[in-house]
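> Here's a sequence, model it:
(one chain, ligands or ions: 1)
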Amino acid sequence: MPKTLVLEFTKMNGAGNDFVVLDNRFYAFSDEELAELARRYCRRRFGIGADGLLALAPPRQPDTHYRMRYFNADGSLGTMCGNGARCLARFARLAGIRDNPLRFETDAGIYRAEVPDDPQAPVRLYLPPAGTYEPNPRLATPLDTQFESVAFIWTGTEHLVCFVPAVEATPVAEWGPRLRHDPALQPRGANVDFVEVVGEAQERSVLRARTYEKGVEAETLACGTGAVAAALVAWRQGRVRQLPIAVHMPGGVLTVGFRPEDDGETELFLEGPAEVVFRGTVEVPMPLVPSG
Ligand SMILES: N[C@@H](CCC[C@H](N)C(=O)O)C(=O)O
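Coordinates of the predicted model:
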């Protein structure tokens, strides 16, 4: 009889950016095994279906509650995922870590999250300041004349932010992969955010954005680090003047706030929904070998 392991998982989403979530404090899967689980179970129609896999791992540092592991649907390791981090924080509270706020380790640094008890209430993630910013990166790809500006910014992972006049009409499926694979951005590549400035409403700036995600290799319904990237670039380029900034994505609204300082932004936060959709089990054939 082939050996199997019954794996308990939780399906979650943050504004439609969806994840398979598991408690790796019990399973102790290696990164290679987690990558394989992501490839197998994130597949739509053949698996559970998700943009990525999140694992709650034991902390390595004494002053943190846990360590987040994030794998894209193609099995690639993601240094950070804004919506995933908010979902995993809610999962951690449900899994019995009762402190609030939570402090956790990621491959992009230490983050903090505030999780209200109300399961419908938004989860707020506090991020460290953004990294590399290039307002005019030299790309090999000739740009669409419709693009108003293209900037690179690191918000825990790589983002290329393209301001466009009408995001609905932008052919994301064509321009996303073209720019994501631009030779100048290799070897890591970049997520590509197409952003339109809508204006101001209810004491906040409003952006509309769509993201093509590396590792998913498709447009997702929302991207947390992408919303932060869009908001920061819009602010730095003087395209918006009111804080916070509401970023409308196809799957929902994410809010980005910060305190502007002369040398950058502090108290950077990302807020939005982080919801459990269902819990389930899958029988995982062991040992877990790459499915190819
Ligand atoms: N959807 C995410 C971003 C996930 C990481 C990305 N695909 C990468 O590998 O850089 C978010 O909410 O931030």
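> in the stretch 101-250 of the chain, which spans are strands?
102-106, 109-114, 123-127, 133-134, 149-154, 158-163, 191-201, 204-213, 218-220, 245-249 (DSSP state E, counting those that start in this stretch).
> Reformat the ones you listed as a markdown table; add mean pLDDT and distance to the ligand.
Using the backbone N, CA and C atoms, a C-beta is placed for each residue, glycine as well. Putting these into a markdown table (pLDDT from 0 to 100; distance: least, C-beta to the nearest ligand atom, whole Å) gives the following:
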| stretch | mean pLDDT | distance to the ligand |
| --- | --- | --- |
| strand 102-106 | 98 | 11 |
| strand 109-114 | 98 | 12 |
| strand 123-127 | 98 | 10 |
| strand 133-134 | 98 | 17 |
| strand 149-154 | 98 | 10 |
| strand 158-163 | 98 | 6 |
| strand 191-201 | 98 | 5 |
| strand 204-213 | 98 | 4 |
| strand 218-220 | 98 | 6 |
| strand 245-249 | 98 | 10 |
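> check contacts around residue 132.
Shown in contact with residue 132 (C-beta atoms under 8 Å, 6 or more residues apart in numbering): 152-154.
> any idea which helix or strand carries residue 253?
Here residue 253, judged by DSSP states H and E, is contained in strand 252-261.
> other SSEs contacting that strand?
With contacts defined as 3 or more C-beta pairs under 8 Å, 6 or more residues apart in numbering; DSSP states H and E, strand 252-261 has these neighbours: helix 224-236, strand 245-249, strand 264-272.
> Show me what the shortest one is packed against.
Right, strand 245-249. Short answer (3+ C-beta pairs under 8 Å, 6+ apart): strand 245-249 packs on strand 204-213, helix 224-236, strand 252-261.
> And these: which comes nearest residue 104?
For those, distance to residue 104 was read as C-beta to C-beta. The smallest value, 14.6 Å, belongs to helix 224-236.
> Quick check: buried residues in the closest one?
The neighbour-count check on helix 224-236 (16 or more other C-beta atoms under 10 Å) flags 224-236 as buried.
> would JSON lines of these with distance to the ligand and pLDDT be doable?
Output for those, formatted as JSON lines (distance: C-beta to the nearest ligand atom, whole Å; pLDDT from 0 to 100):
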{"residue": "224", "distance to the ligand": "3", "pLDDT": "98"}
{"residue": "225", "distance to the ligand": "3", "pLDDT": "98"}
{"residue": "226", "distance to the ligand": "6", "pLDDT": "99"}
{"residue": "227", "distance to the ligand": "8", "pLDDT": "99"}
{"residue": "228", "distance to the ligand": "8", "pLDDT": "99"}
{"residue": "229", "distance to the ligand": "9", "pLDDT": "98"}
{"residue": "230", "distance to the ligand": "11", "pLDDT": "99"}
{"residue": "231", "distance to the ligand": "13", "pLDDT": "98"}
{"residue": "232", "distance to the ligand": "13", "pLDDT": "98"}
{"residue": "233", "distance to the ligand": "15", "pLDDT": "98"}
{"residue": "234", "distance to the ligand": "17", "pLDDT": "98"}
{"residue": "235", "distance to the ligand": "18", "pLDDT": "98"}
{"residue": "236", "distance to the ligand": "19", "pLDDT": "98"}
